[in-house]
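1. give the three-dimensional model of this entry:
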Amino acid sequence: MIQYKRLAILPILLVALIFLISGSILFGLIFTLILGLMYADFLRRELTAAREKARSKQHTPEKEDHTAREEDYKILGLKPEANLTEVRRVYKNLASQFHPDTGLYLSEAQRKTSEEAFLKIREAHDRIINSRRKD
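-> Down below sits the predicted model:
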């Protein structure tokens, strides 16, 4: 899409070059200035659109964030009132139980289940810790 918009500026560039080559420096400079302004406006709009797209991806509704926190506490088997020391203690216990390196004697299916559980535990712990840091 960006390349298509850049191609739309090419006719103005060609006209500016024709004026510059033909000796009409004033018209060539005017067209070059117009071209520069159009391209700057194009870049500004593209940058604004990219920023808005990134901002909309980062924004999550507060309600979803709240339910995610409750789910995180449930994964760790804690109440939302738990302090950070308790969160870390429970995380260490669960992580030591489900860590992939501790399941060497397990079957392939059990190892995969253990790894998935470990990832959920780690992500829940990280979200709780990060949300507490923000508060």
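2. name all residues that make contact with L119.
-> L119 makes no contacts at all, as judged by Cβ atoms under 8 Å, 6 or more residues apart in numbering. All C-beta spots, glycine's among them, are computed from the backbone N, C-alpha and C.
3. and the chain, split by domain according to the record?
-> What the record gives for the chain is the domain set 2-58, 62-134, from automatic domain parsing.
4. now tabulate those domains in CSV and tack on mean pLDDT.
-> Formatted as CSV, the domains of the chain follow (pLDDT from 0 to 100):
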stretch, mean pLDDT
domain 2-58, 72
domain 62-134, 84
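5. just those domains: most buried one?
-> domain 62-134 (a mean of 13; mean count of other Cβ atoms under 10 Å).
6. next one: that one to chain centre, how far?
-> Its chain's C-alpha centre and that of domain 62-134 lie 23 Å apart, by Cα atoms, centre = their mean, to the nearest Å.
7. try stretch 15-27
-> 46 Å.
8. could I have the CA atoms of that stretch written out in CSV?
-> Output of stretch 15-27 as CSV, limited to C-alpha atoms (Å, rounded to 0.1, in the frame of the first residue of the first chain):
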residue,chain,number,x,y,z
VAL,A,15,7.0,17.4,-14.1
ALA,A,16,9.5,19.0,-11.7
LEU,A,17,12.4,17.3,-13.5
ILE,A,18,11.1,18.5,-16.9
PHE,A,19,10.8,22.1,-15.6
LEU,A,20,14.3,21.9,-14.1
ILE,A,21,15.8,20.4,-17.3
SER,A,22,14.0,22.9,-19.6
GLY,A,23,15.5,25.8,-17.7
SER,A,24,12.5,27.0,-15.8
ILE,A,25,14.2,26.8,-12.4
LEU,A,26,11.4,28.6,-10.6
PHE,A,27,8.7,26.2,-11.7
